[in-house]
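Novice: any chance you could fold what I've pasted below:
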Amino acid sequence: MAKAISNSALLDKTFRISLILKGLDGVLELVGGVLLLLVSPVQMGSVVRFLTQHELSEDPHDLVATTLVHLAGTLTVSATLFGAIYLLLHGLVKVALVWAVLKDKLWAYPWMVAFLLIFIAYQGYELVVAFTWGMVLLTAFDIFIVWLTLHEYRAHKARSATPGTQSPETRKFPARKR
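Specialist: Predicted coordinates for the structure are as follows:
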């Protein structure tokens, strides 16, 4: 019995930490989206060249630095606008859902799972087109969060279905007597 309680507590903590990381990721996406709206592709290219010039002076064939300079040089206004809108929408939805789940809003759990499953499918496509270990790790993390979210959702539903217990929402807003 004590082991089951400690496993449940560990899963709860892991779930909260994972959600907070996902929320921080959403905040970074919002910041990135705003930066893409404020910084022109030419300015971005200048910043990338400035940041990579030292590395390229030491090793003109550095893979990361040359790739960054190449990508910055191919940015267009429309690609930057698309990236900004994508990051802003994705970050906003992610932050809102993470906030709602952390506030124990039962409706947010299925939405969180659906949202993550859509992006897992997209990330799977990206892995087929251009495999990167970063995308593999991100996808694995998202799958893990989906599993944790489903686990927590089922636990919430079981607690609210048990007679004599109240969900967090019911405790906050008890039914009024007429």
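Novice: do you know how far the residue nearest the centre of the chain is from Ala140?
Specialist: Nearest to the centroid of the C-alpha atoms of the chain, with distances taken as CA atoms, centre = their mean, sits Lys22, at 4.0 Å. For Lys22, the distance to Ala140 equals 13 Å [CB to CB, to the nearest Å]. For glycine as for every other residue, the C-beta is placed from the backbone atoms N, C-alpha and C.
Novice: now for the longest helix along the chain, which elements pack on it?
Specialist: Ranked by residue count, the top helix of the chain under DSSP state H comes out as helix 2-38. Helices and strands touching helix 2-38, as assessed by 3 or more CB pairs under 8 Å, 6 or more residues apart in numbering; DSSP states H and E, comprise helix 77-102, helix 133-161.
Novice: can you list the buried residues in it?
Specialist: Residues Phe15, Ser18, Leu19, Lys22, Gly23, Asp25, Gly26, Glu29, Leu30, Gly32, Gly33, Leu36 are the ones in helix 2-38 that count as buried (16 or more other CB atoms under 10 Å).
Novice: follow-up on the earlier one: deepest-packed of the helices and strands packed on helix 2-38, please.
Specialist: Counting by mean count of other CB atoms under 10 Å, helix 77-102 has the highest mean neighbour count of these, with a mean of 16.
Novice: my guess is the residue nearest to the centre of the chain contacts Lys94, does it?
Specialist: Yes: here Lys22 reaches Lys94: they are 6.4 Å apart, a contact under CB atoms under 8 Å.
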